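Chemist: Just the structure for this:
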Amino acid sequence: MNVVLLAITLILYAISSVLFFLVLFKGRRPLRAAERVLEAGFVVHCLSIGVRFLEAGHFPLTNLHESLSVFACSLVGFYLYLQRRHRLEALGSSVSVLALLMTAAAYLSPSDIGPLPPILRSYWLPVHSLLCFLGDGAFALAFCAGVLYLLQERMIKSKSFGRLSRMLPSLQVLDEVNYRALTVGFPLLTAGIITGAIWANYAWGSYWSWDPKETWSLITWLLYAALLHQRLTVGWRGRRAAVMAMVGFGAVLFTFLGVNLLIGGLHAYS
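Modeler: The predicted structure follows:
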């Protein structure tokens, strides 16, 4: 049943993506429909994760299928929260497409429910994993804001003031969204690393073993720590902050996918 709900989610995200792009290039008329379809997709997505939890008997963050699904859901959830505070319909286009791609990857990944490895039979599983993926969702939103910032900046410099430029949020708003997402994602990532270290000590007798995923999590944390430090102390804004948010999200993706698919290690089961 959870896979059926995920398929419905995929369809709704696809429709939402099309409607958001119509908003960008044809005008605001489809905007309300785009927002409502995305909200419906988010609700169904949450139901899919909840049903998966009931069917599996454990929190659904133990394989690629489940992790991609929760990652996409957290991204949409953060966007919908911020959308209530700012008019970010143009950001909805990039968010819906990224969520669509991640949900499609989740749907195409093996979705079989098997017995949990002994190491995952711990109450630390939902605590550590959920903190990390909520943080990743916030970083994904910062990435989307960074992409649109560079696009808007380029159009302003080339004086291409067409419909797309008018529909995109201002550079100031996009920079603020970037910063807000970072200030949410960084504490969540920090808490995720700390709880992961505590869990590792219970499981393996050591808080830190320089496993590839641990190492890349630390690299990702250092990148975002440097970005926040520069924003708060040096006053980094605009283009540099947008580029760094994109670089940081590249590290997030490598930590999440690259380590598992290319390197392996103690976290290869996830």
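Chemist: Just checking the distance from stretch 32-44 to the centre of its chain.
Modeler: 17 Å (C-alpha atoms, centre = their mean, to the nearest Å).
Chemist: Show me what counts as buried in that stretch.
Modeler: By neighbour count with 16 or more other C-beta atoms under 10 Å, stretch 32-44 contains the buried residues 34-35, 37-38, 40-42, 44. Every C-beta, even on glycine, is put in place using the N, C-alpha and C of the backbone.
Chemist: Turn those residues into CSV, including secondary structure and distance to residue 230.
Modeler: Putting those into CSV (DSSP: H, G, I helix; E, B strand; the rest coil; distance: C-beta to C-beta, whole Å) gives the following:
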residue, secondary structure, distance to residue 230
34, helix, 35
35, helix, 34
37, helix, 38
38, helix, 33
40, helix, 39
41, helix, 36
42, helix, 33
44, helix, 39
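Chemist: from the residues you listed, which is closest to residue 124?
Modeler: For the buried residues of stretch 32-44, the minimum distance to residue 124 (C-beta to C-beta) is 27.0 Å, reached by residue 42.
Chemist: So residue 7: helix, strand or coil?
Modeler: Here residue 7 is recorded as helix under DSSP: H, G, I helix; E, B strand; the rest coil.
Chemist: Spatially nearest residue to residue 95, not counting backbone neighbours?
Modeler: The shortest distance from residue 95 to any non-neighbouring residue, by C-beta to C-beta, 6 or more residues apart in numbering, is to residue 79 (4.4 Å).
Chemist: Could you do residue 106 as well?
Modeler: Per C-beta to C-beta, 6+ apart, closest to residue 106 is residue 68, 3.7 Å.
Chemist: what sits against that neighbour?
Modeler: Contacts for residue 68 were tallied using C-beta atoms under 8 Å, 6 or more residues apart in numbering; they are 102-103, 105-106, 109.
Chemist: Following the chain past the helix or strand of the chain with the lowest mean pLDDT, name the next helix or strand.
Modeler: Across the helices and strands of the chain, mean confidence by mean pLDDT, DSSP states H and E is lowest for helix 163-167: a mean of 69. Note on helix 163-167: by DSSP states H and E, the next helix or strand toward the C-terminus is helix 171-204.
Chemist: helices and strands around that following helix, which ones?
Modeler: Applying 3 or more C-beta pairs under 8 Å, 6 or more residues apart in numbering; DSSP states H and E, one finds that helix 171-204 makes contact with helix 64-83, helix 124-157, helix 212-229, helix 238-253.
Chemist: Might you list the low-confidence residue ranges for the stretch 151-270 of the chain?
Modeler: 160-165, 262-270 (pLDDT under 70).
Chemist: And for residue 31, the neighbour number?
Modeler: Per other C-beta atoms under 10 Å, the neighbour tally for residue 31 reads 18.
Chemist: That one: what's it in contact with?
Modeler: By C-beta under 8 Å, 6+ apart, the neighbours of residue 31 are 19, 23, 89.
Chemist: which of the residues you listed lies closest to residue 184?
Modeler: So of the contacts of residue 31, ranked by how close each gets to residue 184 (C-beta to C-beta), first place is residue 89, at 20.8 Å.
Chemist: Please look at that closest one and residue 33 and confirm they touch.
Modeler: No - using C-beta atoms under 8 Å, residue 89 makes no contact with residue 33, being 11.5 Å away.
Chemist: for the helices and strands packed on helix 171-204, which one sits closest to residue 206?
Modeler: The nearest among the helices and strands packed on helix 171-204, by C-beta to C-beta, is helix 212-229 at 10.4 Å.
Chemist: got the angle between that closest one and helix 124-157?
Modeler: 50 degrees (axes from the mean of the first three to the mean of the last three C-alpha atoms, to 10 degrees).
Chemist: what's helix 212-229 packed up against?
Modeler: Using 3+ C-beta pairs under 8 Å, 6+ apart, helix 212-229 sits against helix 171-204, helix 238-253.
Chemist: Name the SS class of the residue of the chain positioned farthest from its centre, please.
Modeler: What lies farthest from the middle of the chain is residue 159; by C-alpha atoms, centre = their mean that is 32.0 Å. Three-state call for residue 159 (three-state DSSP): coil.
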